[in-house]
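>>> have a look; sequence and predicted model below, questions after that.
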Amino acid sequence: MTNANDHLRTKEHKLEIEEAAELFGGAGVARPEIEDSIRELLSAVGEDPDRDGLQRTPERVARMYDELLAGYRVDPEQMINDAIFDVDYDEMVLVKDIEFYSLCEHHLLPFIGKAHVAYLPKGKVIGLSKIPRVVDLFARRLQVQERMTRQISDFLETTLHPHGVGVVIEGLHLCSMMRGVKKANARMVTSALCGTFSNNEVTRQEFLDHISRGSVGIHF
Ligand SMILES: [Zn+2]
């Protein structure tokens, strides 16, 4: 990066996140199998699924899961195939502070946070607005944070064949926070570094410096 202002391509992601919500189908569809199982769950915890406040809960929850897990239905390659460009550009491309919302596969509770994604192009770049979508796509599945980090990195690696990819994710896990155990482990940082981000100290340090600059962890 010769000039941080020119090349450090950070930007507001609100728009992209809204676009992604559209892409992933907005309100979602209520599948009857999920509705039925939520009714059973309500009974099993000692509730009356037919009382006023709960009558529409199974339908709402079914819709919600359809929306939160929409990442299973979107083909990542199809999502980005019109946004890969041949460009003679070899500076680091970095998109940081990408908000994400995912569900931990161990407890079906949210983990939320920020992803920082960078790569060093080798002839191909991806439209900047697509990177938050890639994060969103992998977040909208039942996940563990380590795997999600790796999947985002692997996807960019296979799609762009760049000199290297770096992904760092900071997440807060509600399953640790709400259950009152292991509170110290509620915040988690995972990383996946490949190519020059893994074997070139200068590239890696540049990436990590840009991430830590102006960002002091996650605020909610
Ligand atoms: Zn969990």
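Thanks, I have it.
>>> need the nearest residue in space to Phe100, chain neighbours excluded.
Nearest non-adjacent residue to Phe100, counting by CB to CB, 6 or more residues apart in numbering: Ala139, 4.2 Å away. For the C-beta atoms, the positions are set from N, CA and C on the backbone; glycine is no exception.
>>> where does the protein dip in pLDDT?
Applying pLDDT under 70 to the chain picks out residues 1-27, 180-185, 214-220.
>>> show me the helices in it, by range?
Assigned by DSSP state H, the chain shows helices spanning 4-7, 14-23, 32-44, 57-68, 76-80, 130-139, 145-160, 174-178, 196-199, 201-212.
>>> quick check: which of those helices is nearest to the ion?
Comparing those against the ion with CB to the ion, the closest turns out to be helix 174-178 (3.1 Å).
>>> residues near the residue lying closest to Val189 once chain neighbours are set aside, how many?
Of all residues not flanking Val189 in the chain, Glu170 sits nearest, at 5.2 Å (CB to CB, 6+ apart). The number of residues packed around Glu170, counting by other CB atoms under 10 Å, is 21.
>>> residues contacting Arg31?
Residues near Arg31 by CB atoms under 8 Å, 6 or more residues apart in numbering: Ala62, Asp66.
>>> roughly how far apart are it and Ser37?
10 Å (CB to CB, to the nearest Å).
>>> can you name the residues of this protein that neighbour the ion?
Cys104, His106, His107, Cys175 (CB under 5 Å from the ion).
>>> are any of those buried, and if so which?
The neighbour count (16 or more other CB atoms under 10 Å) marks Cys104, Cys175 as buried among the residues of the chain next to the ion.
>>> so which of the residues of the chain next to the ion are in strands?
When the residues of the chain next to the ion are checked against strands (DSSP state E), the matches are Cys104.
>>> farthest-apart pair in the residues of the chain next to the ion, please.
Farthest apart among the residues of the chain next to the ion by CB to CB are His106 and Cys175. That separation is 6.7 Å.
>>> who's in contact with the residue nearest to Val95 when sequence neighbours are not counted?
Nearest residue to Val95 in three dimensions, chain neighbours excluded: Ile131, at 4.6 Å (CB to CB, 6+ apart). Taking CB under 8 Å, 6+ apart, we find Ile131 in contact with Val95, Ile98, Val117.
>>> kindly report the same for Pro32.
Ala62.
>>> please apply the same query to the one 3 residues further on.
Contacts here follow CB under 8 Å, 6+ apart; on that basis Glu35 touches Pro58, Glu59, Val61, Ala62.
>>> what about the last one, how many neighbours?
Per other CB under 10 Å, the neighbour tally for Ala62 reads 21.
>>> that one and Arg56 touch, don't they?
No - using CB atoms under 8 Å as the test, Ala62 is too far from Arg56 to be in contact (10.4 Å).
>>> need the contact list for Tyr119.
Counting by CB under 8 Å, 6+ apart, Tyr119 has contacts Met92, Val93, Leu156, Leu160, Pro162, His163, Gly164, Val165, Gly166.
>>> switch the cut-off to 6 Å
Val93, Leu156, Pro162, Val165 (CB atoms under 6 Å, 6 or more residues apart in numbering).
>>> tell me how far the closest residue to Glu77 other than its chain neighbours lies from Met79.
Nearest residue to Glu77 in three dimensions, chain neighbours excluded: Thr159, at 7.2 Å (CB to CB, 6+ apart). In this view, Thr159 and Met79 are 10 Å apart by CB to CB.
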